[in-house]
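In: Predicted model and sequence below, questions to follow.
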Amino acid sequence: MSDARSAILAAIATTQARRQVGPRADAATIAAEAAALRGRADATRPDRLGGPLDAVLMRRLVSPAIGATTEQVRALDDLPGAVGRYLAARGLARRVALQPHADLRALRWGDIETHDDIAVDEPVAVGLALGAIAETASLVFHSSPDAPTLFGFLPMHHIVAVRADSIWPWLEDYSDRIAGAGQPRNVNLITGPSGTTDIEGALVRGAHGPGWLHVVLIGTSSQDTAPHSTTSP
Amino acid sequence: MSAAFDARVRAALGNPLLKVAIDRTTGTARTKRAAAMAAWPEFAEARLLGRDIKDHVVAHLDHYLVEFERNAVASGAKVHWARTGQEACEIVIKICEDAGARSVTRAKSMLGEEIGLPHAMADAGIERVETDLAEHIIQLAGDPPSHIVWPALHKTREQVAELFRAHHSDPGAMETVEQMVASARRVLREKFMAADVGISGANFLVADTGSICTVTNEGNAELTTTPPRVHIVTAGIEKLVPSTSHAMALLRLLVRSATGAELTQYTTFHCGPKHAGDRDGPAEFHIVLVDAGRTKMLDDGLAEMLRCLRCGACLNHCVVYRQIGGHAYGATYPGPLGSVLTPALTNLADSVDLPRACTLNGQCEEVCPVAIPLPTLLRGWRDRSWREGLEPAPLRAGMRMWRFMVQRPALNRMGTDMALLAMRLFAKGGWIRSMPLAGGWTAHRDFPAPQGPSFLTQVRNREKRS
């Protein structure tokens, strides 16, 4: 190992040994302390979720702070119809980059032309999120062969389908759930369209990523949000 | 005050546009933060948790560094260690050269600024494209950042329009901020896709997965780190957290404190290079763990400063920063956090003005999401500068005289009473317009005339009465 590595670790160990009373903590003690800290988080979360998870998510997505638009449909089969309505309402060409996910490819897209690669200046991309987090109205994507990262960043309009039975109440419900499950190259939590306040603090959408985010919620949630809930779907 | 610091402060105070620019952005930031905190009654408890998570990591820093390295290597990342900023720059330049990089995109990272990476890249002849909008603006202007969250805070929209007209190939109309943002989007889009290497910082290093977390509102981090063949991360060793869930608890604090939002638009965890079958993502993923004075801070009793999340709330609430802006500090990190960090990262003799440029009103500590006792740490530097003889001779003589006085109560009372008497001679209508030895104050505002006897005399009179 490099000189720098051993020098840095030695410097830390020397300081800690001098400041520490008694022996250094072992890995099990450190893990127990970390678990206790994790346990304290639930009581510090902003406890204002109320109602069914899908209703909370939809309400928060359209709040001015998030700035997304939404539609709720009965089943994934209804997604092409929702995409068609979105394109028509905004006068966009009926041509979309479709995230190469088997569930999306299996749908009947009718007069909407789809392609599974994404151009640098792609007008519209349609994707399927792994799930969503109600607390922050975040969409969760894990990069994989059927979920390339750039589908969430290159298009001007990003239309995202998310299943109502894949909503986690809190950030930690999601992160606890994936712990130890094998991390993808990218976990992307997407919370609204891209924006910047870099010029005189004025909010402008579409800085580098999408300028518009449209969420199509599939189905309804059976689960309610309990205050400080620790359950997950 | 050193002549250089004095000149920078005077230049800042004499620039009316700067004050307008600072007030606009920091005012909005304060209002939004206050609203976010008002909607979060659990903030006080969350803040203590944030403090304790960071203290836990710092107390076991070697344990977590080794765990992070093990997991990062297992995910396919290459982990490098750098004792100094210069070592870190050399590692980054070497990776760029090995990759045959001609063009490198970079997502804003304060650590990169701290270690002088932009200069090192220029010296190595590598094209550096800053992709954060504010960093793009100041790169075109040739300015250093003036705020850690809004680096171009000192630029008005008219100045930005002028820069873009001069530097963008097809700027189009530049009447509105929307048009300026759209022009930058067009220019940078091509750069993102053409880059050979993308460089980012890290808001968190997650020990149990070996992943690194970036937060942006623009989406420039992901466009910087995904298309190129090589992704390099430079991160301070204090950025560790035990797990993703611990990062979540800190994200709630970081984002609300920085912008008032609950979460940035893009929160991304990057772990290893792209996997087999992935259509995008880098083939190589390098993480450079940088000490650059952090282990020394641990040793020098500045461990509390290693909690810092770089949210910038202490800048937005600092009465000094809001008058003089970021450039006057003459350091990478301005404001209260910078005045604590700069003497530690450089040396006290060259930065002794910074801990002095503080009213100790305590607002920075109050808004700090991880409860860093900034005023205490600033006082620590003042104490040390006194002990090391760095204070100017007149101040030292004055302090000695004052100590002589206050150790002799009768003399002190007599002196105070005489001073009060003299001050009344200069007062007109309850205010003093000018007075010997008080020119520094009265040149800019009137001084209130003393109301009644001195505090000590009043106490003594009260004791006599009772």
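Out: Yes, it's here.
In: residues contacting the closest residue to chain B within chain A?
Out: Residue of chain A nearest chain B, by C-beta to the nearest C-beta: residue A:209 (2.7 Å). Just so you know, the C-beta spots here come from the backbone N, C-alpha and C atoms, and that holds for glycine as well. Neighbouring residues of residue A:209 by C-beta atoms under 8 Å, 6 or more residues apart in numbering or on different chains: A:152-153, A:158, A:193-194, B:218-219, B:222-223, B:265-266.
In: Can you give me the distance of it to residue A:85?
Out: 23 Å (C-beta to C-beta, to the nearest Å).
In: So the nearest residue to residue B:356 once chain neighbours are set aside, which state does it fall into?
Out: Leaving aside its sequence neighbours, residue B:356 sits nearest to residue B:382 (C-beta to C-beta, 6 or more residues apart in numbering or on different chains; 6.7 Å). Recorded secondary structure, residue B:382: helix (DSSP: H, G, I helix; E, B strand; the rest coil).
In: Surely residue A:74 and residue A:216 touch.
Out: No: assessed by C-beta atoms under 8 Å, residue A:74 is found out of contact with residue A:216, at 11.1 Å.
In: Which one of the two is surrounded by more residues?
Out: Neighbours were counted for residue A:74 and for residue A:216 using other C-beta atoms under 10 Å in any protein chain shown; residue A:216 has more, 23 against 9.
In: So the longest helix along chain B, near chain A or not?
Out: When chain B is scanned for its longest helix (criterion: DSSP state H), the result is helix B:16-38. Yes: counting by C-beta under 8 Å from any C-beta of the partner chain, chain A has neighbours in helix B:16-38: B:21, B:24-25, B:28-29.
In: Now tell me what touches that helix from outside.
Out: Helix B:16-38 is contacted from outside by A:197, A:200-201, B:12, B:43, B:147, B:149-150, B:153-156, B:256-262, B:312-313, B:315-317, B:321-323, B:325, B:367, using C-beta under 8 Å, 6+ apart.
In: redo that, cut-off 6 Å
Out: A:200-201, B:12, B:43, B:150, B:153-154, B:156, B:256, B:260, B:316, B:322, B:325 (C-beta atoms under 6 Å, 6 or more residues apart in numbering or on different chains).
In: Also stretch B:40-47?
Out: Contacts of stretch B:40-47 (C-beta under 6 Å, 6+ apart): A:44, A:46, B:37, B:369, B:371.
In: what's the nearest residue to the closest residue to chain A within chain B if we skip its chain neighbours?
Out: Residue nearest to chain A within chain B: residue B:219 (2.7 Å; C-beta to the nearest C-beta). Counting by C-beta to C-beta, 6+ apart, residue B:219 lies nearest to residue A:209, which is 2.7 Å off, once chain neighbours are set aside.
In: again, but for residue B:458
Out: Nearest residue to residue B:458, sequence neighbours excluded (C-beta to C-beta, 6+ apart): residue B:452, at 6.9 Å.
In: ok, the one you found to residue A:85 distance?
Out: With C-beta to C-beta as the criterion, residue B:452 and residue A:85 are 77 Å apart.
In: And the two? Which one has more around it.
Out: residue A:85 (14 against 9).
In: Which residue ranges of chain A form strands?
Out: A:69-73, A:95-98, A:113-115, A:124-128, A:131-133, A:138-142, A:157-163, A:167-168, A:186-190, A:195-196, A:204-205, A:212-218 (DSSP state E).
In: Taking strand A:212-218 as reference, get the angle to the fourth one.
Out: This points to strand A:124-128. Counting by axes from the mean of the first three to the mean of the last three C-alpha atoms, to 10 degrees, strand A:124-128 lies at 30 degrees to strand A:212-218.
In: Is any residue of strand A:124-128 near chain B?
Out: No: Strand A:124-128 does not reach chain B (C-beta under 6 Å from any C-beta of the partner chain); its nearest approach is 13.0 Å.
In: same question for that strand, mean pLDDT?
Out: Mean pLDDT, computed over strand A:124-128, is 98.
In: Can you spell out which helices and strands pack onto it?
Out: strand A:95-98, strand A:157-163 (3 or more C-beta pairs under 6 Å, 6 or more residues apart in numbering or on different chains; DSSP states H and E).
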